[in-house]
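Undergrad: okay, sequence plus prediction incoming.
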Amino acid sequence: MSEQNHKVALVTGSATGIGRACALRLAASGFDVVVNYSRSEAEARETLKLVEAHKVRGLLVACDVGSDAAVREMFKTIEREFGRLDVLVNNAGTTWFIDHDKLEEMTEEKWDRILQVNLKGPFFCIRAAVPLMKRSGGGSVVSVSSVAGISGDGSSIAYAASKGALNTMTKSLARALGPEIRVNAVCPGPVDTRWLRAVMTAEELEKRTSKFPMQRAAQPEDIADAVVYLAAGTTLTTGQCLVVDGGRTM
């Protein structure tokens with residue numbers, strides 16, 4: 001069981017990138033952290049070690065957030081091990097990099113998987129978190145969305161659509177769950193992660209972001225700053241989609 005003075009945070013998709021940065025920032029702030037992954041077990045175990053280096057408790061849980069049944073089992077584990085949950089960071093996501101004019105490549109199977117993970121997954125996690133958060137005296141949810149959900153740009157049409165829906169769902173749930181639970185989202189622009197580097201070289205990323213006001217891509221830690229602020233650095237902010245993109249969408 002978690003110590004009484006330790007709040008507990010769950011970060012989905014925290015094996016690498018933004019999720020790992022959020023998990024470490026929360027651990028550094030004194031949270032016990034549940035590290036979630038679906039496939040990248042070795043990287044998730046490394047995240048767990050880094051979390052525990054902050055002298056807090058970590059817990060590793062494998063779960064595909066696109067499965068409601070699996071999500072409910074994950075939350076049973078959190079309840080059993082910690083007895084509380086104070087922060088949920090919905091970071092797990094997926095996409096295919098498909099040019100928007102290649103309509104036939106955006107198959108029904110790809111649509112379904114993107115919506116399952118990027119939209120239904122956060123809903124499943126929030127729904128499962130509500131009873132535990134209320135028992136803990138309230139809580140905070142932060143979903144990692146994207147500026148693709150604002151501009152309609154992005155890796156694929158389905159990805160942009162999933163993030164646009166996530167943004168509106170954030171507002172709906174903020175109304176439904178307040179005042180006990182705050183619900184917000186962070187909308188990054190390009191982030192220098194393994195995910196983006198799979199389709200873009202460092203030179204291409206630099207060229208793409210050079211005309212932004214801040215003239216660089218985000219690092220995972222830049223997004224973690226915003227996530228942790230919304231999760232634990234404010235008590236009144238809810239229903240907001242905070243853009244962190246170096247000024248790209250101004």
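TA: Done, it's in.

Undergrad: next SSE downstream of the least confident helix or strand in the chain by mean pLDDT?
TA: Among the secondary structure pieces of the chain, namely its helices and strands, helix 194-197 has the lowest mean (mean pLDDT, DSSP states H and E), a mean of 76. Of the helices and strands lying after helix 194-197 in sequence (DSSP states H and E), the nearest is helix 202-209.

Undergrad: Leu50 sits in which helix or strand?
TA: Judged by DSSP H and E, Leu50 forms part of helix 41-52.

Undergrad: what's the next secondary structure element after that helix?
TA: Past helix 41-52, heading to the C-terminal end, the next element that is a helix or strand (DSSP H and E) is strand 58-62.

Undergrad: what about whichever helix or strand comes after that following strand, average pLDDT?
TA: Per DSSP H and E, the first helix or strand lying C-terminal to strand 58-62 is helix 68-82. If you average the pLDDT over helix 68-82, you get 98.

Undergrad: taking strand 58-62 as reference, get the angle to helix 68-82.
TA: For the pair helix 68-82 and strand 58-62, the angle between their directions (axes from the mean of the first three to the mean of the last three CA atoms, to 10 degrees) equals 160 degrees.

Undergrad: who touches helix 68-82?
TA: Contact with helix 68-82 is made by 1-2, 8, 10, 32, 34, 36, 57, 59, 61, 63-65, 85, 120-121, 124-125, 128-129, 132, as judged by CB atoms under 8 Å, 6 or more residues apart in numbering. Backbone N, C-alpha and C define where each C-beta goes, glycine included.

Undergrad: partners of the helix or strand immediately after it in the chain in the sheet?
TA: Sequence-wise, the next helix or strand beyond helix 68-82 is strand 87-90, with elements assigned using DSSP H and E. Partner strands and pairing direction for strand 87-90 (DSSP bridges) are strand 8-11 (parallel), strand 139-144 (parallel).

Undergrad: identify, by residue count, the longest strand of the chain.
TA: Across the chain, the longest stretch assigned as strand under DSSP state E is strand 181-188.

Undergrad: hey, C-alpha coordinates of it in CSV?
TA: What follows is strand 181-188, C-alpha atoms only, in CSV (Å, rounded to 0.1, in the frame of the first residue of the first chain):
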residue,chain,number,x,y,z
ILE,A,181,-12.2,15.8,-10.8
ARG,A,182,-10.5,18.2,-13.2
VAL,A,183,-10.1,17.1,-16.8
ASN,A,184,-7.6,18.9,-19.2
ALA,A,185,-5.5,18.1,-22.3
VAL,A,186,-2.2,19.1,-23.7
CYS,A,187,-1.8,19.6,-27.5
PRO,A,188,1.8,19.2,-28.6
